[in-house]
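Asker: I'll drop the sequence and a predicted model, then ask my questions.
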Amino acid sequence: MPQITYTDHEGATRVVDGVAGDSVMETAVRHGVPGIVAECGGSLSCATCHVFVAEEDLELLPPMSEMEDEMLYGTAVDREENSRLSCQLRLTEGCDLHVTTPETQV
């Protein structure tokens, strides 16, 4: 079972067990993780599930799509090199992830 460690902008962490095939965003919403708004419900039409992926985990993820890249220009907090939309990050068996949520999503 994959695990996701969510860290908020102040450094508080929460570890959540996920289900392979679910997204990092779906998992956060299901478990009430603060810092992920997910206004569009994962349809890639907002940027309110913006996260910063731990550098060591970036290589575990598929490259971002052109649409995700464009949506990241609309985030409330400036994007960084490790920015991703958590709705686009699917969990896989044996792949634990560490993400940090920005100070705000809106």
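Answerer: It's in. Residues are numbered from 1 along each chain as shown.

Asker: which residues in the chain form helices?
Answerer: 24-30, 66-71 (DSSP state H).

Asker: neighbouring contacts of the last one?
Answerer: Contacting residues not belonging to helix 66-71 are listed as 44-47, 84-85, 88 [C-beta atoms under 8 Å, 6 or more residues apart in numbering]. Using the backbone N, CA and C atoms, a C-beta is placed for each residue, glycine as well.

Asker: weed out the non-buried ones from those.
Answerer: Neighbour-count burial (16 or more other C-beta atoms under 10 Å) is assigned, among the contacts of helix 66-71, to 46-47, 84-85, 88.

Asker: so can I have TSV of the helices of the chain showing mean pLDDT?
Answerer: TSV is the format used below for those (pLDDT from 0 to 100):
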stretch	mean pLDDT
helix 24-30	98
helix 66-71	97
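
Asker: ok, which of those helices comes nearest D78?
Answerer: Nearest of the helices of the chain to D78, taken as C-beta to C-beta: helix 66-71 at 13.9 Å.
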